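**Q** Sequence below, structure please.
(chains A and B)
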Number of protein chains: 2
Amino acid sequence: MANETVFTYGAPQLKFGPGAADEIGYDLARLGARRALVVTDPGVAATGAPQRVADAMKAYDVTATVFDGVQVEPTDESLRRAVAYARDTGPYDAFVAVGGGSSIDTAKAVDLLTTNEGDLADYLNPPVGAGRAPARPLLPLVAVPTTTGTGAESTTVCVLDVLELKVKTGISHPALRPALAVVDPDLTVSQPAEVTASSGMDIVCHALESYTARPYDAFERKAPERRVPYCGANPISDMWSERALALVARSLRAAVRDGGDRRARGDMALAATFAGLGFGNAGVHVPHANAYPIAGRVRGFRPSGYPGDGPLVPHGMAVSLTAPEAFRFTFEACPERHVRAAELLAPGMERPDDPSEHLPRALLALMRDIGVPDGVGAVGYTEADVPDLVAGTMKQQRLLAIAPRQVTEDDVAGIFVRSLRLW
Amino acid sequence: MANETVFTYGAPQLKFGPGAADEIGYDLARLGARRALVVTDPGVAATGAPQRVADAMKAYDVTATVFDGVQVEPTDESLRRAVAYARDTGPYDAFVAVGGGSSIDTAKAVDLLTTNEGDLADYLNPPVGAGRAPARPLLPLVAVPTTTGTGAESTTVCVLDVLELKVKTGISHPALRPALAVVDPDLTVSQPAEVTASSGMDIVCHALESYTARPYDAFERKAPERRVPYCGANPISDMWSERALALVARSLRAAVRDGGDRRARGDMALAATFAGLGFGNAGVHVPHANAYPIAGRVRGFRPSGYPGDGPLVPHGMAVSLTAPEAFRFTFEACPERHVRAAELLAPGMERPDDPSEHLPRALLALMRDIGVPDGVGAVGYTEADVPDLVAGTMKQQRLLAIAPRQVTEDDVAGIFVRSLRLW
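**A** A predicted model of the protein is given here:
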């Protein structure tokens, strides 16, 4: 096989810093927009931030309508409702997502389906959908993350549950990447400690998974039309990942301990952005693949700090619960990267005799300190659930293909069993 | 004064690696283009690369015309000729610049003036021109750098000489930033050693100047419409600069010694890209400001390795000649950054007792090793020229404003005098 020689790197333009969210009207006007739809969820809407962002646009002659009907963990139904709202109240010439990954992903779908023909199902990744590429350019999308974690402002994907099929899938196309990310740490100050912890672990895993992903030049050479947005570890994603880990090491514990610590909030907002810019190109693998069934098959678990009252394993929590075991499993594929990542994540930690223990121990120490539940068992799963969890993971072949070594069902089962309790 | 709290970061999408230049037709087609103008200079055209790039587009149903009339160090006249050619032979729906900074900057001007009304002079930076902003969107510009140095693929500026006024100025607007940079190290293999050395010093100075630039939050808070593309040192430009310096430390000497060393060529292509992504947002200061009059007032100097037969101080050489003294001057503004930069640039070097000597010595050792001339005197200037050189530097207030300390005429005069001979 001829090895890949080329990697690609895409990113939104970025505006970062306290107060940045007040200027969006200017940026929209520069993009030629006059009438924007602000897309958010009821929880974020209740903080008042989306309306403030919308009001601030008036100074630049941009009028905005706020749609606060985003569903946390979007479904095909919730996306269709958002698209219908935009069609009924539009036309708009730009979209502004204020919120977490759910709001940003919903805005991506609204943008796609108000600018291009066809139904949602046409664009879903195969085999669920037809994997159609948009024929026309999308409108500018400005992403304003209020959760320091998801990285959705940097990615080209929209993740959703298809209710009838009980499957999590997505739409993936470079045109879905926001034109501009406006990251304002002031918007994250109200985030409860539990949300900071979970979304912080999402950042950690974005950085660790893209850093240990199969390198781009270990894949087979692709024709340009066969390139995928997630191209594997490369010199640029490595840099973002390393810097994100250093910021997390300095500030995640502090941000969880004291949400008003502005330096820590600033660091975490930057870490989330950096990790997003890394994994938005390299990709993520085993912990994220495992998170799909952990979140999707939840029964009674309910974390504090989150709005609503249904069962929920937050995304970042779901990702982190199998991470220590996943990185024990991937260690042999690139030992030096696992050790380097551990050094960045836990700069003062004593080096274990067995280097494969270094990263798992650094992760476990962090997870205990910030109050992550003690394993997959602590969010309600037992050994009897493992076959179903494994089946859910194995459906995420798009992610497993990025892992640095081949992943079998038995490998995944072992990871789940050993992750039932972590300490 | 209220301090700035916000920084901005913009970059082209990137495709990097050997063979990347063969795929441009695909990328153009994806951007909706069917008819492209390839913009290059006669020297690069003679290597055959622009025609190969144009021919490869046919596989994706994109037809291309090659314009090889770019002038190295563009002037208002040469830009007008290029624009006229594009108007006469167009319309085009995309532009592809293959070459160094001159080709990329020329393509920026062609794009601007074939999509927007008005004359070149309307868009030049004040006070030379009217500083008009483009009213309409530009067409996609793909930049394919063949010189590992300029970073023009990442910047929002087009630099030119206005012949009648004998002044170097530019056009500066975010819309000028290329949509896509295609960096193919194979295109740089034919670059002569002298060009590799000079453009390598340009990379070094991009990285060092943006790393030591006045930090974004040391400026006064700006309204969004008053933000400039060069916002000062920030956490993102710092990261690019540090990584560029580490790559230069590993590979610049090797790339000069043996142009066929593919690892070194790959590293330098990456270093040029990284430094461009850094300074394209943070900005550059004293060495670049000094380079304007050093290059502009050249009399008899003629380096080997460059095409043509007129007098020339290549840009990277001009930038580097005062760099050791410039960083002696800026040291006191941020000592730890100067020391860190020296450590990255010369990892094995003994630390001098006086830390302000660290970076100048690292630079001087590198410059001697790769054959940079021994100071401003070695390219034809004497002490009698210093007042004129100083006057030329002081015109570059846009750059001097980015310096980490205030720069007076006397400061600049001292830097020039002490740079007449370097070792």
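
**Q** Specify the residue positioned farthest from the middle of chain A.
**A** Residue distances from the centre of chain A (Cα atoms, centre = their mean) peak at residue A:353, which lies 33.6 Å from the mean C-alpha position.

**Q** a helix runs through that one, doesn't it?
**A** No - judged by DSSP: H, G, I helix; E, B strand; the rest coil, residue A:353 forms no part of a helix; its state is coil.

**Q** Would you mind listing what in chain A touches chain B?
**A** Proximity of chain A to chain B is confined to A:4-11, A:13-20, A:23, A:26-27, A:30, A:32, A:137, A:174, A:224-225, A:234-236, A:239-240, A:243, A:270 under the rule Cβ under 8 Å from any Cβ of the partner chain. In this view, the C-beta of every residue, glycine as well, is placed from N, C-alpha and C.

**Q** any idea how far the residue farthest from the centre of chain A is from residue A:326?
**A** Residue A:353 is 22 Å from residue A:326, where distance means Cβ to Cβ, to the nearest Å.

**Q** of the residues of chain A next to chain B, buried ones?
**A** The neighbour count (16 or more other Cβ atoms under 10 Å in any protein chain shown) marks A:4-11, A:13-18, A:20, A:23, A:26-27, A:30, A:224, A:234-236, A:239-240, A:243, A:270 as buried among the residues of chain A next to chain B.

**Q** what's the spacing between the residue in the stretch 151-300 of chain A positioned nearest to chain B and residue A:50?
**A** Closest to chain B within the stretch 151-300 of chain A is residue A:224: 3.8 Å, counting by Cβ to the nearest Cβ. Computed with Cβ to Cβ, the distance linking residue A:224 and residue A:50 is 39 Å.

**Q** Shouldn't residue A:15 be within a strand?
**A** Yes - assessed by three-state DSSP, residue A:15 belongs to a strand.

**Q** what are the bridge partners for it, then?
**A** Taking DSSP bridges as the rule, residue A:15 bridges to residue A:182, residue B:8.

**Q** OK, contacts around it?
**A** The contact partners of residue A:15, by Cβ atoms under 8 Å, 6 or more residues apart in numbering or on different chains, come to A:23, A:27, A:180-183, B:6-9.

**Q** Identify, from the residues you listed, the entry nearest to residue A:348.
**A** residue A:183 (28.5 Å; Cβ to Cβ).

**Q** And for the closest one, the neighbour number?
**A** For residue A:183, the neighbour count with other Cβ atoms under 10 Å in any protein chain shown is 25.

**Q** For the nearest residue to it once chain neighbours are set aside, which residues are in contact?
**A** Leaving aside its sequence neighbours, residue A:183 sits nearest to residue A:16 (Cβ to Cβ, 6 or more residues apart in numbering or on different chains; 4.7 Å). By Cβ under 8 Å, 6+ apart, the contact set of residue A:16 is A:182-184, A:269-270, A:273, B:6-9, B:234.

**Q** For chain A, which segments are assigned as strands?
**A** A:7-9, A:13-16, A:35-39, A:63-67, A:94-99, A:141-145, A:157-162, A:167-172, A:180-183 (DSSP state E).

**Q** Tabulate these (TSV), appending mean pLDDT.
**A** TSV is the format used below for those (pLDDT from 0 to 100):
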stretch	mean pLDDT
strand A:7-9	93
strand A:13-16	94
strand A:35-39	98
strand A:63-67	97
strand A:94-99	97
strand A:141-145	96
strand A:157-162	90
strand A:167-172	86
strand A:180-183	96
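
**Q** Indicate which one of those is closest to residue A:341.
**A** Taking these one by one with Cβ to Cβ, strand A:7-9 is closest: 19.9 Å.

**Q** neighbouring contacts of that closest one?
**A** So strand A:7-9 is contacted by A:216-217, A:227, A:229, A:231-232, A:234-237, A:281, B:13-17 (Cβ under 8 Å, 6+ apart).

**Q** Which of the residues you listed scores worst on pLDDT?
**A** Here the lowest pLDDT out of the contacts of strand A:7-9 sits on residue A:229, with 78.

**Q** gap between the two ends of stretch A:66-82?
**A** 11 Å (Cα to Cα, to the nearest Å).

**Q** The residue nearest to residue A:160 when sequence neighbours are not counted: what's it in contact with?
**A** Spatially, and ignoring its direct neighbours in sequence, residue A:160 is nearest to residue A:74 (4.7 Å; Cβ to Cβ, 6+ apart). Counting by Cβ under 8 Å, 6+ apart, residue A:74 touches A:102, A:105-106, A:109, A:158-161.

**Q** likewise residue A:206?
**A** Listed by Cβ under 8 Å, 6+ apart, the contact set of residue A:206 reads A:151, A:241, A:244, A:275-276, A:278-279, A:284.

**Q** Mind doing that once more with 10 Å?
**A** When contacts are counted by Cβ atoms under 10 Å, 6 or more residues apart in numbering or on different chains, residue A:206 touches A:149-151, A:154-155, A:237, A:240-241, A:244, A:271-272, A:274-280, A:282-284, A:287-288, A:316, A:319.

**Q** which residue is nearest the centroid of chain A?
**A** The residue lying closest to the centre of chain A (Cα atoms, centre = their mean) is residue A:150, at 3.2 Å.

**Q** And for the residue lying closest to that one once chain neighbours are set aside, the neighbour number?
**A** Using Cβ to Cβ, 6+ apart and skipping the chain neighbours, the partner closest in space to residue A:150 is residue A:101 (3.3 Å). Here the number of neighbours of residue A:101 (other Cβ under 10 Å) works out to 28.

**Q** ditto for residue A:423
**A** Residues near residue A:423, counting by other Cβ under 10 Å, number 9.

**Q** thinking it is in contact with residue A:377, fair?
**A** No - taking contacts as Cβ atoms under 10 Å, residue A:423 lies outside contact range of residue A:377: 11.5 Å.

**Q** And the residue nearest to residue A:160, how close does it get to chain B?
**A** Distance from residue A:74 to chain B, counting by Cβ to the nearest Cβ, to the nearest Å: 27 Å.

**Q** what does residue A:398 give?
**A** On the measure of Cβ to the nearest Cβ, residue A:398 and chain B end up 21 Å apart.

**Q** Please apply the same query to residue A:419.
**A** Applying Cβ to the nearest Cβ to residue A:419 and chain B gives a distance of 33 Å.

**Q** cool, residue A:146 as well?
**A** Counting by Cβ to the nearest Cβ - residue A:146 and chain B are separated by 17 Å.

**Q** ok, now which ones touch the closest residue to that residue other than its chain neighbours?
**A** Nearest residue to residue A:146 in three dimensions, chain neighbours excluded: residue A:187, at 4.5 Å (Cβ to Cβ, 6+ apart). Taking Cβ under 10 Å, 6+ apart as the contact definition, residue A:187 lies against A:18, A:20-21, A:44, A:47, A:49-50, A:52-53, A:98-99, A:144-148, A:265, A:269.

**Q** From those, list just the buried residues.
**A** The buried subset of the contacts of residue A:187 - by 16+ other Cβ under 10 Å - is A:18, A:20-21, A:44, A:47, A:49-50, A:53, A:98-99, A:144-148, A:265, A:269.

**Q** just checking, which of these belong to helices?
**A** Among the buried ones among the contacts of residue A:187, DSSP state H puts A:44, A:49-50, A:53, A:265, A:269 in helices.

**Q** Kindly present these as CSV, with separate columns for pLDDT.
**A** Compiled in CSV, those are given as follows (pLDDT from 0 to 100):
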residue, pLDDT
A:44, 91
A:49, 94
A:50, 96
A:53, 95
A:265, 93
A:269, 93
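
**Q** out of the residues you listed, what pair is the most spread apart?
**A** Comparing every pair within those by Cβ to Cβ identifies A:50 and A:265 as the most remote, at 19.2 Å.

**Q** Backbone dihedrals for residue A:34, both of them.
**A** phi -130, psi -20 (degrees, to the nearest 10).

**Q** so of the strands of chain A, which one's packed in deepest?
**A** Mean neighbour count (mean count of other Cβ atoms under 10 Å in any protein chain shown) peaks for strand A:94-99 among the strands of chain A, with a mean of 31.
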